[in-house]
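Q: Predicted model follows, preceded by the sequence.
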Amino acid sequence: MTENKKRKPRIFLIYSFADRFVAQTIESRLHAGGVDFIRAQYEDVAAGDSIAVAVRQAIATSDYILVLLSPSSVESKWVQYELSAAYALELESRGIGILPVIIEDCQIPSLLAERRWIDLSSDFDANLDRLVQQIQAISDLDFSRLDGHLFTKLVADLLIELGFKIVQEADVSGGRIDITAEIERTDPFGNTRTEIWLVETKFYRKERADLSALHQLVSYVSKLPEYCKALLVTNGQLTSPARNWLVQIQSSQRSEIRVIEGPELKRLLLSHKKLIDNYFKEREQ
């Protein structure tokens with residue numbers, strides 16, 4: 001795929017009216033970097049319908065939602081509504097990413113508290129350049145350029161970037177785990193301990209990750225010490241039955257089970273340009 005044939009990333013921007021001038025600057029820089037912005041088409045709303053319909057439709061056709069965070073935006077009822085709508089659609093489709101962008105020190109909304117964000121409240125220009133690069137990289141993240149072996153290598157390299165140490169493959173109760181990883185954690189009292197994560201990778205061309213992948217991982221974890229944790233990483237998405245079963249099993253398992261689906265994996269990779277260059281850009285046709 002040549003550079004000029006790539007589809008431009010589609011972004012929906014959520015911000016407070018009080019932050020409109022900063023939003024215009026960010027939009028201008030992103031647009032110059034080849035990003036398309038999706039806007040709610042209020043004139044298309046039928047008589048009697050809420051303008052919320054237009055907002056939901058615009059969000060649904062976006063690749064990513066940028067949420068500009070400031071004291072004004074976190075207090076804005078309309079921003080809260082748009083954020084809730086975006087979050088709901090993300091949960092439904094798992095194909096829309098939400099990226100928080102801090103433009104002024106503020107309390108991070110609970111919906112976004114555990115997400116990685118970009119901080120523009122200091123060194124605005126340099127960090128805005130980094131934001132532009134991340135958004136531009138969205139069109140490079142095409143998992144169809146990989147195969148199962150490369151996908152597992154990509155996940156291992158991402159874990160290393162996130163602070164894990166990769167341990168050699170090891171048999172677990174007659175099965176073989178794709179990746180065994182360790183990471184040091186510090187508790188509130190300053191004590192450190194090593195967590196062991198058993199990582200299974202599932203690469204799919206079209207189908208979704210089903211219950212069999214989760215059953216296999218849970219069977220491994222159930223036979224291991226409590227400090228062992230499990231991680232399933234897939235380029236696809238869980239089926240609805242698999243997602244419902246995971247919720248039930250997480251409440252009964254003594255060991256932690258974590259799943260990273262395709263859209264979340266893309267969000268993580270956006271912060272690691274070197275991995276995108278190595279695994280995706282070098283394989284463009």
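A: Okay, I see it. Numbers count the residues shown, from 1 in each chain.

Q: in a strand, that's where Leu159 is, yeah?
A: No. Counting by DSSP: H, G, I helix; E, B strand; the rest coil, Leu159 falls outside a strand, being helix.

Q: In contact with it, which residues?
A: The neighbourhood of Leu159, defined by C-beta atoms under 8 Å, 6 or more residues apart in numbering, consists of 166, 179, 181, 197, 199. (Each C-beta comes from the backbone N, C-alpha and C, glycine too.)

Q: Kindly report the same for Leu270.
A: Taking C-beta under 8 Å, 6+ apart as the criterion, Leu270 is in contact with 99, 134-135, 137-138, 141, 276.

Q: How about Leu111?
A: Under the criterion of C-beta under 8 Å, 6+ apart, the contact partners of Leu111 comprise 83-84, 87.

Q: and these as a markdown table, adding secondary structure, pLDDT and neighbour count?
A: What follows is those, written out as a markdown table (DSSP: H, G, I helix; E, B strand; the rest coil; pLDDT from 0 to 100; neighbours: other C-beta atoms under 10 Å):
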| residue | secondary structure | pLDDT | neighbour count |
| --- | --- | --- | --- |
| Leu83 | helix | 79 | 23 |
| Ser84 | helix | 81 | 12 |
| Tyr87 | helix | 72 | 18 |
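
Q: Skipping its backbone neighbours, what lies nearest Ser70 in space?
A: Counting by C-beta to C-beta, 6 or more residues apart in numbering, Glu104 is the residue found nearest to Ser70 once chain neighbours are left out, at 3.9 Å.

Q: That neighbour is in what secondary structure piece?
A: Counting by DSSP states H and E, there is no helix or strand that carries Glu104.

Q: which phi and psi does it have?
A: Phi and psi for Glu104, reported as degrees, to the nearest 10, are phi -160, psi 140.

Q: pLDDT value on it, please?
A: Among the per-residue scores, Glu104 shows a pLDDT of 94.

Q: doesn't Pro71 make contact with it?
A: Yes. Under the contact definition of C-beta atoms under 8 Å, Glu104 touches Pro71, with a separation of 6.3 Å.
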